[in-house]
Each structure stands twice: as structure tokens, then as C-alpha cells.
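*Asks:* Below are the sequence and a predicted model; questions follow.
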Amino acid sequence: MKVNSAAAEISPDLCPNSLPALEFDIRSIFAAGQSPCGLIDETVARLKPGQDFVLLAPFEPIPLFTKLAGLGFEHSSEKLPDGTWRISFTRN
């Protein structure tokens, strides 16, 4: 499954539970001076039970960790060599 929009691209990534994870790259949204908050909310709302969410961001979005923890998500994050943060969210 691959969904393209003018603001961002969402593509699959294999996850351990065999459902494809939704990957959402928000770097271009920030580069355009816009907020990705609404699009992130829409993406999370579209997740199927057991489906993971992977976010690519230009910084570590710490407030998002708290927000998604309230929805039952845990996260792990890593800084990639190009400076991008890759954050994986999984439901508890």
C-alpha cells in the first residue's frame, strides 16, 4: 500500500507482526514551514489493530511521544547518518 499526497508520502515498511507499517516522512512539511500535526493524527487514525507507525522527522518530536503514549503507543527512535530521526511507534 502506498499513498501519495502533495504534503507527504506514506509507504509500507515490514514490521515484526507481519502487517505493513505506515511510514510517514514529515521533513518536507517542516521545510515548507507547515505543521504536520493534523496529517500525523489522520495517519494514526488510519492504523489497523497491530499496525506500526514509522515517522521520519528533521528532529526528535518529543511532545509527540507523550501524545501517542496516551493512545497506547511505545516508541523507539534513532538518528540516521543524514541527521533524520526515524521513530517507530508500536501499540502496547
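*Replies:* Perfect, thanks for sending it.

*Asks:* If we ignore the residues flanking it in sequence, what's nearest Leu64?
*Replies:* What sits nearest to Leu64 in space, not counting adjacent residues and going by C-beta to C-beta, 6 or more residues apart in numbering, is Ile40, at 7.0 Å. C-beta here means a position set from N, CA and C on the backbone, and glycine is covered the same way.

*Asks:* Now the residue sitting nearest the centre point of the chain. Nearest residue, chain neighbours left out?
*Replies:* Nearest to the geometric centre of the chain sits Leu55, at 2.6 Å (C-alpha atoms, centre = their mean). Closest residue to Leu55 apart from its sequence neighbours, by C-beta to C-beta, 6+ apart: Ile87 at 4.6 Å.

*Asks:* if I pick the one you found, what's in contact with it?
*Replies:* Contacts for Ile87 (C-beta atoms under 8 Å, 6 or more residues apart in numbering) come out as Val54, Leu55, Leu56, Ala57, Glu60, Pro61, Leu64, His75, Ser76, Ser77.

*Asks:* got the residues you listed as a markdown table, with distance to Leu19 columns?
*Replies:* Shown next, in a markdown table, are the contacts of Ile87 (distance: C-beta to C-beta, whole Å):
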| residue | distance to Leu19 |
| --- | --- |
| Val54 | 12 |
| Leu55 | 17 |
| Leu56 | 19 |
| Ala57 | 22 |
| Glu60 | 25 |
| Pro61 | 23 |
| Leu64 | 21 |
| His75 | 17 |
| Ser76 | 17 |
| Ser77 | 21 |
